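Engineer: this one's sequence-less:
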């Protein structure tokens, strides 16, 4: 299933990237069962792609993997070496990134968020330096459902409840290469004929295991193929929210977060022996359907009420969609928007429009209070500024058409 999903995502990329994965693809390898199983599938997939070609057996012709050593535990360095050796046995060319978070944040506790940011920065820097355009990660259905539960408990919106996207893109926000920006691509944001395009300074993240592959499947795959994997004890620590949710909702099966007996080790194969809770899986599938329908409707609203401002008055305006909004000015038919669509949908569409226009300068989305105020001002025919976007009525339109202009 992972190989079929990998083929489908590769076809969406199209062009030279999909035809020559050894040169442009890499897999993020932590050494756990998920990334190990994916690395094995990836290595076989690359060999099948290069069979019969002129590809040699040199190290440069080997598919690559990126290993990040956080150096947060005494065992980290030895584990990284084990993973590196395992990668070579799989026929992969390992690239090891060693972080020093303790030295960087001396006297402060290293949070999971900080470790994640440093890991993403290291992965992105490595891929950009070595001209790797696609990075595979081992997120499974378990990760998807845990993310869904976490976002539900935090009262997330429709987009958040869709969970982890199968495709996303990473790039740096600044020259310092510390802040990583991620844009996501869900299936419903692409037409059947659309291909996923990767920018010059972006790295595409593919998650082929999200499509129905569970941790118990990856563990079984590793055991069947006699693949060694490592276990990170922090994955069972009750100090972290995801682990508490994992235990409370039993998303891995019979997982016990209690410390193993002295001299013993936690057994991930036991943790993955049970089937995922069907009720959580069902609710997430419904939420995903709702999200797809919702954003499909928002795209129709955008095409119906929003137009780009063109330079030449003789040129016809082009209807815009969320993924194509990069211009500085748009015209919004406020009269049609407010009369034909419910207020909640209008607010959600305006939120996406404002965020898409200002995302290069504003990392966070505007607050819903600001969007609600914008709607009130539109109904009153007044102008306002939201998230660095100036919204004002266009003269001679009886305040029915507004200009949304990104301020310099």
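Structural biologist: That came through, no problem. For clarity, every value in this text was computed on a predicted model and none was experimentally measured.
Engineer: going by C-alpha atoms from here, please, whenever you check contacts or count neighbours.
Structural biologist: OK.
Engineer: so what pairs up with the residue nearest to the spatial centre of the chain in the strands?
Structural biologist: Nearest to the geometric centre of the chain sits residue 168, at 4.3 Å (CA atoms, centre = their mean). Beta-bridge partners for residue 168, by DSSP bridges, are residue 184, residue 205.
Engineer: wait, doesn't it sit right on residue 181?
Structural biologist: No. Counting by CA atoms under 8 Å, residue 168 does not reach residue 181; the two are 10.2 Å apart.
Engineer: any low-confidence regions in this structure?
Structural biologist: Applying pLDDT under 70 to the chain flags residues 1-21, 50-60, 102-110, 175-178, 186-197, 236-237, 248-279, 309-327, 360-363.
Engineer: could you pull out the strands for the stretch 1-150 of the chain?
Structural biologist: Shown for the stretch 1-150 of the chain, the strands assigned by DSSP state E, counting those that start in this stretch span residues 25-28, 64-69, 93-98, 134-136.
Engineer: can you pull out the strands in the stretch 151-300 of the chain?
Structural biologist: So, for the stretch 151-300 of the chain - with DSSP E, counting those that start in this stretch - the strands run 167-172, 180-185, 203-206.
Engineer: hey, which of the ones you listed is tucked in deepest?
Structural biologist: Each of the strands of the stretch 151-300 of the chain was scored by mean neighbour count; the highest is strand 203-206, a mean of 25, by mean count of other CA atoms under 10 Å.
Engineer: what is it packed up against?
Structural biologist: Counting contacts by 3 or more CA pairs under 8 Å, 6 or more residues apart in numbering; DSSP states H and E, strand 203-206 packs against helix 112-129, strand 134-136, strand 167-172.
Engineer: Serialize those to JSON lines and add fields for distance to residue 364.
Structural biologist: Shown next, in JSON lines, are those (distance: least, CA to CA, whole Å):
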{"stretch": "helix 112-129", "distance to residue 364": "16"}
{"stretch": "strand 134-136", "distance to residue 364": "25"}
{"stretch": "strand 167-172", "distance to residue 364": "15"}
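Engineer: right, and these - which one's nearest residue 218?
Structural biologist: Residue 218 lies closest to strand 134-136 among the helices and strands packed on strand 203-206, at 15.1 Å (CA to CA).
Engineer: and the strands of the stretch 151-300 of the chain: which comes nearest residue 159?
Structural biologist: Proximity to residue 159 (CA to CA) singles out strand 180-185 among these, at 10.5 Å.
Engineer: the closest one versus helix 112-129: what angle between them?
Structural biologist: 80 degrees (axes from the mean of the first three to the mean of the last three CA atoms, to 10 degrees).
Engineer: tabulate the strands of the stretch 151-300 of the chain (CSV), appending distance to residue 241.
Structural biologist: As requested, the strands of the stretch 151-300 of the chain are arranged in CSV below (distance: least, CA to CA, whole Å):
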stretch, distance to residue 241
strand 167-172, 24
strand 180-185, 22
strand 203-206, 24
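Engineer: and residue 118, which of those strands is closest to it?
Structural biologist: Nearest to residue 118, of the strands of the stretch 151-300 of the chain and by CA to CA, is strand 180-185 at 9.2 Å.
Engineer: angle of the closest one against strand 167-172?
Structural biologist: Using the same axes, to 10 degrees: strand 180-185 against strand 167-172 is 160 degrees.
Engineer: what sits up against strand 180-185?
Structural biologist: 117, 120, 121, 165, 166, 167, 168, 169, 170, 171, 172, 173 (CA atoms under 8 Å, 6 or more residues apart in numbering).
Engineer: returning to what we had before: deepest of the strands of the stretch 1-150 of the chain, which one?
Structural biologist: strand 25-28 (a mean of 25).
Engineer: quick one: strands adjacent to it?
Structural biologist: Counting by DSSP bridges, the strands paired with strand 25-28 are strand 64-69 (parallel), strand 134-136 (parallel).
Engineer: next one: it to chain centre, how far?
Structural biologist: 15 Å (CA atoms, centre = their mean, to the nearest Å).
Engineer: ok, and what's touching that strand?
Structural biologist: Defining contact as CA under 8 Å, 6+ apart, one finds that strand 25-28 is touched by 17, 35, 38-39, 42, 63-67, 123, 132-138.
Engineer: and with 7 Å instead?
Structural biologist: Strand 25-28 is contacted by residues 35, 39, 63-67, 132-137 when judged by CA atoms under 7 Å, 6 or more residues apart in numbering.
Engineer: before we move on, back to that, of all the strands of the stretch 1-150 of the chain, which lies closest to residue 390?
Structural biologist: With CA to CA as the criterion, residue 390 lies closest to strand 134-136 of the strands of the stretch 1-150 of the chain, at 37.2 Å.
Engineer: so what touches that closest one?
Structural biologist: Strand 134-136 has contacts (CA under 7 Å, 6+ apart) with 24, 25, 26, 27, 28, 203, 204, 205, 206, 207.
Engineer: quickly list what the fourth one is bridged to.
Structural biologist: It stands for residue 27. Residues in a beta bridge with residue 27, per DSSP bridges, are residue 65, residue 136.
Engineer: ok, so of the contacts of strand 134-136, who is nearest residue 285?
Structural biologist: Among those, residue 207 lies closest to residue 285 (CA to CA), at 17.4 Å.
Engineer: doesn't residue 164 make contact with that closest one?
Structural biologist: No. Counting by CA atoms under 7 Å, residue 207 stays clear of residue 164, with 9.0 Å between them.
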